[in-house]
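>>> for reference, the sequence and a predicted model appear below.
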Amino acid sequence: MSSSILAISVWAVAVGAAALDAHAEQPSQSPIAQPVDQAYPGQIRLQVDASDVERRIVHVRETITGVDTDTVLLYPKWLPGTHSPIGPIDCVAGLVISADGKHLSWVRDPVDVYAFRVKMPPRLHTLNLEFDYLSPTSSKVGRQQFTPDVLILEWNEVVFYPAGYFSSRIPVDASVTLPDQWAFASPLETASSSGATTEFKRASLESLVDSPVYAGRYTARIDLVPGASVPVRLNLFADRPESLVVQPAQLESHRNLVQQAYKLFGSHHFAHYDFLLSLSEEIPVRGLEHHQSSSNSDDPKYFVDWDKSPYLKDLLPHELVHSWNGKFRRPRGLWTPNLNVPMQDSLLWVYEGQTQYWGKVLAARSGLWGKQQALDELAMTAAYGEALAGRRWRSLQDTTNDPLLDSAHRRSWPTWQRFRDYYQEGALVWLDVDTLIRERSQGKRSLDDFARSFFGIRDGDVTPVTYTFEDIVKALNDVEPYDWAGLLRARLERVDAPAPLDGLRRGGYRLTFTEAASDFFESAEKKRKRTDLLFSIGLDIDEKEATIVDVLWDSPAFNAKLTENTKIVAVNGIAYSGDILKDAIKAAAVSKSPVELIVKTGDRYRVARVEYRGGLRYPHLERDPLRPALLDDVLAARK
């Protein structure tokens, strides 16, 4: 080693040691106060200006009274319904905190970046905050919430709150300013309005965050239970007025949805309920549950192409069911005293899985789906579960950790890695349970009885009631005695088990494949803008970009070394289109020649030869005449 290098090394070691010493000399931070169930001694005054829709900038002024000398302000991190620590703190900018007209310094906690430490001057107990929430301006940045004609305001994005208290014990007086002449809907009750600004009645921080605001230039509000003492409304917000036209049969299906939910659960747990539904090309399809509302987004043709697009018509049923399962009755680990205490997701196969099941069932019972559409959707779910290679190494139970492992990004190999299968596979597990109860009781009882006895308690009560695995098992045994703990643990924890299709078979159907796609399958392709060939060569392709978005593990496409984010340029020498690729797959079944794809990954081109002779394969459910049609009974409307 040269003398110069040795000198530099000695200097680096000395600097490093000095840095460590300096760090060690820093005063230790006091721990962040844990939430306690006592009334917060002050209140929050929150003024939100969401009128700058062109730039998607939300201006916030917040006053917090009752502040201690040294306080910690929290920005919501663990968001109900997402089951994840994904509060968009990165969208907050320009934070200025002051007291008595003087700017105060703040320091972000070095461990918890959602916590801000503020040193209060003596004898002052009121903080003033000003900041901007920068909603994504394009899909490349994040999920869009604003268009020139529609906006979605989630209160958790625009509020800080003091640590040390249950969020249910912190009172908030909130207001919002919207663009002129815009209408809005929210579960919050209005106190007063002046011009474009609306003041809401005081609510707890917990209720506020659970009560989003949808607003827009073109809106419609539809009463789904006319004359009822407990209103249920469908609130529509669209980029174009023609998207708001609802035909009588469509309205009837939505009204049936509410009635079928009441018949299923035998109760309600809201003073009123608001479906909030945006219809926009810019705002991505999504649903998020709240206790007295749901945040929903779909494309502008939700009503316009009603008969052509049944795919995702179970979105509103799913979110409505969450008012019972997830908001009123909630897994113990998913109830937290405030928005920064970590959640535990182990019961998501009930919270989301059973809700997914009831969402499908209610879509059929209400008429949002026809019976055949419901069967076709179940066929797609079953086929994907059967093709899922990831079950060879990973249990369904372990997928409940996915919101914690990777909540922001999709996976490159989802059929091998698995991804949130507690939704769709969870629904198949509950179909298994439902048909088993029906079979054992000779049709006298079903999972409907469980829903009524478990979720239907305390009619009219909005106070959450938590549950455990043992509570689920006991309630099932009260309906039909059986080793439910053993069955559920086998379905949840077993690795390298087949897909849980016993419910379909017991329900009188079997999974088959044919060369022709169902109308439902084709509607899913069109809605997703995909060509879905997962069950033949093993590819799912984004038609807009001609780019592979999924490759089925161990499939012919996988063996041809194709990956997601690969662009397909040509098929057998002809410029790519989804139809050209389908024709090539059909031709290969006769010619026995491989399908040749010219593909581009990054700046590299190559020819991929896909060895496959099986023709097109699309999933269907075929009636088994040797078994009773229990599944038909499951899907039939309740009288």
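Looks like it arrived, so ask away. The shown structure was predicted, so the numbers you read here are calculated from the model rather than taken from an experiment. Residues are numbered from 1 along each chain as shown.
>>> quick one: Ala608 from Val590, how far?
21 Å (Cβ to Cβ, to the nearest Å). Placement of C-beta: from N, CA and C, glycine included.
>>> oops, could you answer that again for Glu386 instead?
For Glu386, the distance to Val590 - Cβ to Cβ - is 27 Å.
>>> can you show me the CA trace of stretch 538-546 as CSV?
The C-alpha coordinates for stretch 538-546 follow below in CSV (Å, rounded to 0.1, in the frame of the first residue of the first chain):
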residue,chain,number,x,y,z
GLY,A,538,-49.2,-18.7,-21.2
LEU,A,539,-49.3,-15.0,-22.1
ASP,A,540,-51.3,-12.0,-21.1
ILE,A,541,-50.7,-9.1,-23.4
ASP,A,542,-51.4,-5.3,-23.2
GLU,A,543,-53.0,-4.6,-26.5
LYS,A,544,-52.4,-0.9,-26.3
GLU,A,545,-48.6,-1.3,-26.2
ALA,A,546,-48.4,-4.9,-27.7
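>>> which residues sit against that stretch?
By Cβ atoms under 8 Å, 6 or more residues apart in numbering, the surrounding residues in contact with stretch 538-546 are 529-534, 547-552, 555-558, 562, 567-569, 576, 578, 581.
>>> out of the residues you listed, list just those in helices.
556-558, 578, 581 (DSSP state H).
>>> what two of those residues are the furthest from one another?
Distance extremes for the ones in helices among the contacts of stretch 538-546: the farthest pair is Phe558 and Gly578 at 19.6 Å, using Cβ to Cβ.
>>> higher neighbour count, the two?
Phe558 (20 against 17; other Cβ atoms under 10 Å).
>>> what's near enough to touch the more buried one?
538, 551-552.
>>> so what are the domain limits for this protein?
44-248+271-321, 329-510, 519-618 (automatic domain parsing).
>>> want to try JSON lines for the ones you listed, with mean pLDDT as columns?
Shown next, in JSON lines, are those (pLDDT from 0 to 100):
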{"stretch": "domain 44-248+271-321", "mean pLDDT": "96"}
{"stretch": "domain 329-510", "mean pLDDT": "96"}
{"stretch": "domain 519-618", "mean pLDDT": "98"}
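>>> minimum distance to Leu635: which of those has it?
Nearest of the domains of the chain (Cβ to Cβ): domain 329-510, 4.0 Å.
>>> tabulate the domains of the chain (a markdown table), appending distance to Val634.
A markdown table is the format used below for the domains of the chain (distance: least, Cβ to Cβ, whole Å):
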| stretch | distance to Val634 |
| --- | --- |
| domain 44-248+271-321 | 14 |
| domain 329-510 | 6 |
| domain 519-618 | 17 |
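>>> neighbours of Asn572, just the number please.
When neighbours are counted by other Cβ under 10 Å, Asn572 registers 16.
>>> before we move on, back to that, what is the nearest of the ones in helices among the contacts of stretch 538-546 to Pro162?
Looking across these and measuring by Cβ to Cβ, the closest to Pro162 is Phe558, at 52.5 Å.
>>> roughly how far apart are the closest one and Pro342?
In terms of Cβ to Cβ, Phe558 sits 37 Å off from Pro342.
>>> returning to that earlier point: more neighbours: Ala608 and Val590, which one.
With neighbours defined as other Cβ under 10 Å, Ala608 and Val590 compare such that Ala608 has more, 18 against 9.
>>> mind telling me what element the more buried one is part of?
strand 604-610 (DSSP states H and E).
>>> and the closest residue in space to Asp550 that isn't next to it in sequence, what are its bridge partners?
Nearest residue to Asp550, sequence neighbours excluded (Cβ to Cβ, 6 or more residues apart in numbering): Asp540, at 3.9 Å. Judged by DSSP bridges, the bridge partners of Asp540 are Asp532, Asp550.
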